[in-house]
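Peer 1: dropping a prediction and its sequence here:
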Amino acid sequence: MNDADLAGEGLAMVPVGNDFPEIREAVRAICRNFPGEYWRKLEDTGAYAKEFVAALTEAGFLSALIPEAYGGSGLPLRAGGVILEEIHASGCSGNTCHAQMYMMAMLVRYGSDELKKRYLPGIASGEVRYQSFGVTEPTTGSDTLKLKTRAVRDGDHYVVNGQKIWTSRALHSDLMTLLVRTTPVDQVKRRTDGLSVLLVDIRESLGKGLTIRPIETMVKHQTNEVFYDNLRVPVENLIGVEGSGFKHILEGMNSERILVSHESLGDARYFIEKATNYAKERVVFGRPIGQNQGIQFPIARAYSEWRAADLMVRTAAAKFQAGLPCGEEANLSRLMSSEAAWNAGEACMQTHGGFAVAREYDIERKWRSARVQRIAPISTNLILAYIGHGVLGLPKSY
Ligand SMILES: Cc1cc2nc3c(=O)[nH]c(=O)nc-3n(C[C@H](O)[C@H](O)[C@H](O)COP(=O)(O)OP(=O)(O)OC[C@H]3O[C@@H](n4cnc5c(N)ncnc54)[C@H](O)[C@@H]3O)c2cc1C
């Protein structure tokens, strides 16, 4: 086999086992209508990508994971991941709407029939937006089990008091998943007990105990501080069992990590493709810059990291779908894919030289967004800590 054979398929950016090809192509077709210019303008105005979200909703992509009985397509988690991957590989952004997908597994598996009947058809049709997930708190951060937001039962309501931070899209969503403590930590056997998940109807709650304040960030992530002051949430809006919320939210977090990892795979593809094309075209010192190993090797390394991450993400999605424990694979997916995307982004930046910082190239926008993926939804150190003590049995740091 010679070099020509190896390069026979051109830029092999179609991953092994090109699954859901029709979905991939249909998503790419939508994304073609939302070029870099659209996303740059949103950054300038601070507006929400409502046209993009509407296009995805209309095409049925945001209801992909909702069971058919409730008006969705009932597709597996992997299909949702493929949608997000193609969005990111096309230069668009899934953080405008991905929560609807990653919270679905938890709502479908643990929500009561009544709750599902009330909300899922509206979410599937696009009438109701379910885009917000309130877990992180300003004082406790990654130490989720110490969260302080309290919900106290009062008749047929919970009364919620506390504060969350980084609750993304709360101002552009009708519903929010909220993790609260229903039993004080000193009254439970295990720290993981006593937490509960509530479905908050933002439309009914704003101004009645719910206050949302946007945070300015380096990416247009539409994220917020959220204050709860005697907010009343009907008891029937409890998802799953009171006190078992941590178990339920872990399921949501595994699906979140797997889905968001697909976004990083898409980012990596975007960067590798852009870098490779530019490295072939840009001629300096009388030859394409890609002929220099200083340019070529970081791109080649990024490609190999992307391929490895792709395999891990597929494994995680398959285990999740089969209902098997997948915490290790979900975390490894997040680690490997976010690092692959970041290293690909770095290679792409360096390959483009000065043009990398020109906004019209869109590379710096994607690079900023890839950086955030190493912090949210889980920071790299916390993944390593999980692997260290949860998988390898090393002593805990916390
Ligand atoms: C743009 C954006 C959107 C977000 N959206 C949401 C959302 O929609 N909903 C939501 O609930 N949250 C959201 N988050 C929050 C996100 O999940 C957290 O920022 C993230 O989990 C890290 O928590 P923290 O910021 O409190 O960091 P901290 O917990 O304060 O940690 C700070 C640093 O210390 C490290 N660290 C802490 N403890 C240890 C340890 N034992 N060993 C080694 N290192 C340690 C961490 O890894 C991190 O690097 C979002 C964040 C961002 C930036």
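Peer 2: Yes, it's here. Worth saying up front: this structure is predicted, and the values here are computed from it rather than measured.

Peer 1: give me the helices and strands touching whichever strand or helix holds E22, please.
Peer 2: Assessed by DSSP states H and E, E22 sits inside helix 21-31. Contacts defined by 3 or more CB pairs under 8 Å, 6 or more residues apart in numbering; DSSP states H and E place helix 21-31 against helix 50-58, helix 77-89. C-beta coordinates here come from the backbone N, C-alpha and C atoms, glycine included.

Peer 1: distance of the closest residue to the ligand within the stretch 51-200 of the chain from F34?
Peer 2: Among the residues of the stretch 51-200 of the chain, G141 lies closest to the ligand, at 2.5 Å counting by CB to the nearest ligand atom. According to CB to CB, to the nearest Å, G141 and F34 sit 34 Å apart.

Peer 1: who has more neighbours out of the two?
Peer 2: Set G141 next to F34 and count neighbours by other CB atoms under 10 Å: F34 wins out with 20 against 14.

Peer 1: list the contacts for the more buried one?
Peer 2: F34 makes contact with 49, 51-52, 55, 92, according to CB atoms under 8 Å, 6 or more residues apart in numbering.

Peer 1: helix/strand/coil for it?
Peer 2: Following DSSP: H, G, I helix; E, B strand; the rest coil, F34 is assigned to coil.

Peer 1: quick one, what contacts V200?
Peer 2: V200 is in contact with 134, 160, 175-178, 210, 231, 233, 237, counting by CB under 8 Å, 6+ apart.

Peer 1: enumerate the residues of the stretch 1-150 of the chain near the ligand.
Peer 2: Contact residues (CB under 6 Å from any ligand atom) of the stretch 1-150 of the chain with the ligand: 133-136, 141-142.

Peer 1: next: the stretch 251-398 of the chain.
Peer 2: 372, 375-379, 381-382, 385, 397-398.

Peer 1: please, a PyMOL command that selects the buried ones among those?
Peer 2: To isolate the buried members of those in PyMOL, using 16 or more other CB atoms under 10 Å:
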select buried, resi 372+376+377+378+382+385
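
Peer 1: of the residues of the stretch 251-398 of the chain next to the ligand, which belong to strands?
Peer 2: Assigned to strands by DSSP state E, none of those qualify.

Peer 1: for burial, what's the neighbour tally of K117?
Peer 2: By other CB under 10 Å, 12 other residues sit near K117.

Peer 1: ditto for V135
Peer 2: Using other CB under 10 Å, V135 has 22 neighbouring residues.

Peer 1: next: N33.
Peer 2: 11.

Peer 1: what ranges does this protein have for its strands?
Peer 2: Using DSSP E, the strands found in the chain span residues 130-134, 150-154, 157-165, 175-181, 195-201, 210-214, 224-234, 238-239, 283-284, 287-288.

Peer 1: list the neighbouring strands of the first one plus their orientation.
Peer 2: Put plainly, it is strand 130-134. strand 175-181 (parallel) (DSSP bridges).

Peer 1: read off the pLDDT value for the residue of the stretch 51-200 of the chain closest to the ligand.
Peer 2: Looking at G141, its pLDDT is 96.

Peer 1: give me the distance between it and A89.
Peer 2: Distance from G141 to A89, counting by CB to CB: 31 Å.

Peer 1: what lies in contact with stretch 183-191?
Peer 2: Stretch 183-191 is contacted from outside by 145-146, 150, 193-194, 243, using CB under 8 Å, 6+ apart.

Peer 1: give me that answer again for 10 Å
Peer 2: The contact list for stretch 183-191 (CB atoms under 10 Å, 6 or more residues apart in numbering) reads 143-148, 150-152, 181-182, 193-196, 242-243, 246.

Peer 1: of these, buried ones?
Peer 2: Of the contacts of stretch 183-191, these count as buried by 16+ other CB under 10 Å: 144-145, 147, 150-151, 181-182, 193-196, 242-243, 246.

Peer 1: farthest-apart pair in those, please.
Peer 2: The most widely separated members of those, counting by CB to CB, are T144 and E242 (17.5 Å).

Peer 1: can you mark which positions in stretch 278-297 are buried?
Peer 2: 278-279, 282, 288-290, 295-296.

Peer 1: and the end-to-end length of it?
Peer 2: Terminal residues of stretch 278-297 are spaced 14 Å apart (CA to CA, to the nearest Å).

Peer 1: go on, stretch 126-139?
Peer 2: With CA to CA as the measure, the first residue of stretch 126-139 is 35 Å from its last.

Peer 1: same question for stretch 58-76.
Peer 2: Criterion CA to CA; first-to-last residue distance in stretch 58-76 is 19 Å.

Peer 1: and that stretch, what's its mean pLDDT?
Peer 2: Across stretch 58-76, the per-residue pLDDT values average to 96.

Peer 1: go on, stretch 127-134?
Peer 2: 95.
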